[in-house]
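Visitor: Provided below for reference: sequence and predicted model.
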Amino acid sequence: MKEIILVKIGEIVLKGLNRRQFEGKLMKNIKKTLKPLGSFSIKNVQSTISIVPEDDSIDLDEACERVSRVFGIVTYSRAAQCPEKTLESIIETATEYLSDQLKEAKTFKVESRRSDKRFPYKSPEISRETGAAILRKYNHLKVDVHNPDLVVTVEVRDYNAYVRGKALKGAGGIPVGTGGKAVILISGGIDSPVAAYMMAKRGVRLVAVHFASPPYTSERAEQKVVKLLKKVSLYSGDMEMYTVPFTEIQETIRKKCPEDYFTLIMRRLMMKIAERIARKEDCKALITGESLGQVASQTISALGCTDEAANLPVFRPLIGMDKQEIVDISYKIDTYETSIEPYEDCCTVFTPKHPRTNPILERVIEAEELGGFEPMIEKALNNLKVTYINTKED
């Protein structure tokens, strides 16, 4: 019995004339994520993608795990391809393939979809005959059409018939690579990896920019960020991480600028540097993990002062979330435990005791000009470190 994976696409079906572009990108992303496991035949017919392993030794559990992280997929399920496209073959496949699930269930129903209108039985007939056969073999079961323990799904398509059980929730969103390209300002905290994940879910390809301030920040802090991005890359795909030397700039902020403006000026200079890297990488936006009101530098006034430093759109996908909502997502994508490792990033260096919460832009710019930062920005940009982030083991 040939076992395959059936994938259902979500909002892609609403894309009108651009739908083929989105579907094509999704197919490429699925092929790329499955390539390390072996060869697959992947076809897209009538809003359903069939993923058929071409080698019986392929680990289908691992394949499902990888498929579950591909943005653009709303549900996926393991399914059996019927040996023949006949009602008898469908019934035999359903009773045998789903044996374990049927034994555990108390109630069930059969749903059938007949996209091949040449098939001699209509959907209600397929459901009725398949359900009757299941009841004869598993006499502990009862039919419940409203809230069954198990839904047995039969799909009769142009070339094959398939039987599947429970459909599992996919990653949702739209395929990475269909939403443009943007820079994510990444720290070692909880928020920015979640922001990266959220924007990848909207189809954005990511370039990461991290700011390091040795000796105030350690090599372990940078490796922590690499570890976080590896986890994000399971969803977003491979990316480059630019590490920016930030020590001289931060020390100059401390020496020459008013203390209550430290954080604001630091964030503005980060934006300026990130924008230059973004333009080099042909990115069209910047992304941060800021949430309104979470800390003193994330008030409306402070965010406005930060945005003024950049000439690209700034996306903040977490802006309306509270901390628990962000933490919940970090657990989901397995970044939380890494984020709370005790290695400080440069955002916590030289934190002012009383930061300005309602700054006036003109005063911030005047304070920033005291540092004469442009030569330091150029120096930092000339000494970038680039790390290629992928999902392979070190």
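Guide: Everything's here; your move.

Visitor: in a strand, that's where residue 43 is, yeah?
Guide: Yes - under DSSP: H, G, I helix; E, B strand; the rest coil, residue 43 falls within a strand.

Visitor: check contacts around it.
Guide: By Cβ atoms under 8 Å, 6 or more residues apart in numbering, the contact set of residue 43 is 49-50, 52. (Glycine included, C-beta is placed from N, CA and C.)

Visitor: just those: which are in strands?
Guide: Here DSSP state E is the test, and the contacts of residue 43 give 49-50, 52 as lying in strands.

Visitor: nearest to residue 391 among those?
Guide: Distance to residue 391 across the ones in strands among the contacts of residue 43 (Cβ to Cβ) is lowest for residue 49, with 21.3 Å.

Visitor: ok, what's across the strand from that closest one?
Guide: Beta-bridge partners of residue 49, counted by DSSP bridges, are residue 7, residue 44.

Visitor: what's the local residue count around it?
Guide: If you count neighbours by other Cβ atoms under 10 Å, residue 49 ends up with 21.

Visitor: return the per-residue confidence for it.
Guide: Note for residue 49: predicted pLDDT of 92.

Visitor: SS state for residue 208?
Guide: Following three-state DSSP, residue 208 is assigned to strand.

Visitor: who does it form a beta bridge with?
Guide: Taking DSSP bridges as the rule, residue 208 bridges to residue 184, residue 241.

Visitor: tell me where the stretch 51-200 of the chain has helices.
Guide: With DSSP state H, counting those that start in this stretch, the ranges of helices along the stretch 51-200 of the chain come out as 60-67, 87-97, 99-104, 123-137, 191-201.

Visitor: look up which helix or strand residue 324 falls in, please.
Guide: Element membership for residue 324 (DSSP states H and E) is helix 323-332.

Visitor: before we move on, back to that, closest to residue 277 among the contacts of residue 43?
Guide: residue 49 (35.4 Å).

Visitor: OK, contacts around the closest one?
Guide: Counted by Cβ under 8 Å, 6+ apart, residue 49 has contacts 6-9, 26-27, 30, 42-43.

Visitor: among those, which ones are buried?
Guide: Buried subset of the contacts of residue 49 (neighbour count, 16 or more other Cβ atoms under 10 Å): 6-7, 9, 26-27, 30, 42.

Visitor: quick one: least confident of those residues?
Guide: Ranked by pLDDT, those bottom out at residue 9, which scores 91.

Visitor: you'd agree that residue is up against residue 26?
Guide: Yes - with contact defined as Cβ atoms under 8 Å, residue 9 reaches residue 26; the gap is 6.7 Å.

Visitor: what touches both of these two?
Guide: 49, 72-73.

Visitor: now these in TSV, with distance to residue 163?
Guide: What follows is the shared contacts of residue 9 and residue 26, written out as TSV (distance: Cβ to Cβ, whole Å):
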residue	distance to residue 163
49	17
72	25
73	20
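
Visitor: circling back: nearest to residue 201 among the contacts of residue 49?
Guide: residue 26 (13.2 Å).

Visitor: and the gap between that closest one and residue 355?
Guide: 44 Å (Cβ to Cβ, to the nearest Å).

Visitor: ditto for residue 119
Guide: Residue 119 is 69 Å from residue 355, by Cβ to Cβ.

Visitor: same deal with residue 338?
Guide: In terms of Cβ to Cβ, residue 338 sits 27 Å off from residue 355.

Visitor: so residue 187 touches residue 344, yeah?
Guide: No - counting by Cβ under 8 Å, residue 187 stays clear of residue 344, with 9.8 Å between them.

Visitor: now the one helix or strand residue 253 maps to: average pLDDT?
Guide: Using DSSP H and E, the element containing residue 253 is helix 247-256. Over the span of helix 247-256, the pLDDT mean works out to 94.

Visitor: just the buried residues of the next helix or strand after that helix, please?
Guide: Next helix or strand after helix 247-256 toward the C-terminus (DSSP H and E): helix 262-280. Going by neighbour count (16+ other Cβ under 10 Å), the buried part of helix 262-280 is 262-278.

Visitor: show me what the helix holding residue 253 packs onto, helices and strands only.
Guide: helix 262-280, helix 374-381 (3 or more Cβ pairs under 8 Å, 6 or more residues apart in numbering; DSSP states H and E).

Visitor: now render these as a markdown table, adding mean pLDDT and distance to residue 94.
Guide: Shown next, in a markdown table, are the helices and strands packed on helix 247-256 (pLDDT from 0 to 100; distance: least, Cβ to Cβ, whole Å):
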| stretch | mean pLDDT | distance to residue 94 |
| --- | --- | --- |
| helix 262-280 | 95 | 53 |
| helix 374-381 | 97 | 62 |
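
Visitor: export those helices to a markdown table and tack on distance to residue 196?
Guide: Listed next are these as a markdown table, based on distance: least, Cβ to Cβ, whole Å:
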| stretch | distance to residue 196 |
| --- | --- |
| helix 262-280 | 13 |
| helix 374-381 | 22 |
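
Visitor: residue 254 is nearest to which of these?
Guide: Smallest distance to residue 254 across the helices and strands packed on helix 247-256 (Cβ to Cβ): 6.9 Å, for helix 262-280.

Visitor: any idea how many residues pack against residue 35?
Guide: 11.

Visitor: correction: the previous question concerned residue 293.
Guide: If you count neighbours by other Cβ under 10 Å, residue 293 ends up with 12.
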